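Engineer: here you go, sequence then predicted model.
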Amino acid sequence: MRAHTPDATRQNLLKAAFDEIYRVGFQAASLSEIVRHSGLTKGALYHHFPNKHALGLAVIDEVIQERLATAVFQPLQNAQDPLAALLQILEDRARTRDEDTIRCGCPLNNLVQEMSPVDHEFRHHLAAILARWQTVLHEALSGAQRQGTLRADVDCEGAALFMVAAWEGCWGIAKNRQSAGVFRQCMWQLRDYVRTLSRPAPSDTKTSTRRTSS
């Protein structure tokens with residue numbers, strides 16, 4: 001049991017830190033509150049993290065990035081049909097965000113807005129997640145293009161960048177409006193944009209040709 005205690009302690013601290021940062025932002029986050037909610041001591045905190053700054057970076061790398069990896073990156077990377085998987089992810093995200101989730105916004109977007117202008121290390125770590133997100137989307141779209149389900153004329157790299165920006169923009173405006181309905185509306189528009197990138201099925205093409213001819 002002792003062999004697992006350090007990892008469990010670290011995870012407990014990271015969860016408490018994530019919750020505190022998500023609630024009030026990094027700069028306003030209190031180490032005393034993090035320790036209190038973790039049920040541990042400041043000694044335990046400083047054993048794993050030398051300071052608040054290091055704890056914040058660990059939250060980005062080990063909590064926020066892993067949450068996004070589980071929800072988005074891995075499903076896309078493991079999908080047999082990446083375009084269908086992407087559309088399903090967008091649909092699921094739109095349907096499962098409620099008012100409580102929207103109230104504090106997106107953890108990644110919150111830190112991008114708060115910390116990118118003031119701390120280069122935070123900016124670097126946050127940029128790494130955004131770059132990975134764009135890469136995963138780029139690879140998914142390129143895979144769909146090779147399968148023939150995505151139009152050949154689509155700029156996959158540019159589309160991936162636009163989608164990350166739009167996705168995070170959906171969070172931003174929904175947080176400002178404090179409305180899950182606004183988030184759903186915005187995400188469904190993003191879903192519909194992705195649908196416009198799909199290659200029409202052969203039967204659809206023939207039908208369109210017949211209609212044009214007539």
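Structural biologist: In hand now; what should we look at? Numbering: from 1, shown residues only.
Engineer: dump the residue contacts of the closest residue to W133 other than its chain neighbours.
Structural biologist: Excluding the flanking residues, the one nearest W133 by C-beta to C-beta, 6 or more residues apart in numbering is V164, at 5.2 Å. Every residue, glycine included, has its C-beta placed from N, CA and C. By C-beta atoms under 8 Å, 6 or more residues apart in numbering, the contact list for V164 reads 130, 133-134, 137.
Engineer: equivalent analysis for L31, please.
Structural biologist: 42, 45, 52, 55.
Engineer: picking up where we left off before, ok, and the most crowded of the contacts of V164?
Structural biologist: Most neighbours among the contacts of V164, by other C-beta atoms under 10 Å: L137, with 25 neighbours.
Engineer: excluding chain neighbours, what is closest to it?
Structural biologist: A160 (3.7 Å).
Engineer: give me the buried positions along the helix or strand where the one you found lies.
Structural biologist: Element membership for A160 (DSSP states H and E) is helix 156-177. Neighbour counts over helix 156-177 (16 or more other C-beta atoms under 10 Å) mark 156, 159-161, 163-164, 167-168, 170-172, 174-175 as buried.
Engineer: same question for stretch 186-198.
Structural biologist: In stretch 186-198, counting by 16+ other C-beta under 10 Å, buried: 186-187, 190-191, 194, 197.
Engineer: ok, of those residues, which one's closest to V59?
Structural biologist: The shortest approach to V59 among the buried residues of stretch 186-198 belongs to M187, at 25.0 Å (C-beta to C-beta).
Engineer: quick one on the thing from earlier: shouldn't the residue nearest to L137 be in contact with Q134?
Structural biologist: Yes - using C-beta atoms under 8 Å, A160 makes contact with Q134 at a distance of 4.8 Å.
Engineer: and F26, which of the three is it?
Structural biologist: coil (DSSP: H, G, I helix; E, B strand; the rest coil).
Engineer: find the centremost residue of the chain, please.
Structural biologist: L68 (4.6 Å; C-alpha atoms, centre = their mean).
Engineer: can you list the buried residues of helix 156-177 in TSV and add pLDDT?
Structural biologist: Shown next, in TSV, are the buried residues of helix 156-177 (pLDDT from 0 to 100):
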residue	pLDDT
C156	98
A159	98
A160	98
L161	98
M163	98
V164	98
W167	97
E168	97
C170	97
W171	97
G172	96
A174	97
K175	96
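Engineer: so which helix or strand takes in Q189?
Structural biologist: Counting by DSSP H and E, Q189 is part of helix 180-196.
Engineer: helices or strands up against that helix?
Structural biologist: Contact here means 3 or more C-beta pairs under 8 Å, 6 or more residues apart in numbering; DSSP states H and E; on that basis helix 180-196 packs against helix 82-96, helix 99-104, helix 156-177.
Engineer: return the distance of that helix from the chain's centre.
Structural biologist: 15 Å (C-alpha atoms, centre = their mean, to the nearest Å).
Engineer: do the same with stretch 84-97
Structural biologist: 12 Å.
Engineer: for it, buried residues please.
Structural biologist: Neighbour counts over stretch 84-97 (16+ other C-beta under 10 Å) mark 85-87, 89-90, 93-94, 97 as buried.
Engineer: likewise stretch 126-140?
Structural biologist: Those would be 126, 129-130, 133-134, 136-140, for stretch 126-140 by 16+ other C-beta under 10 Å.
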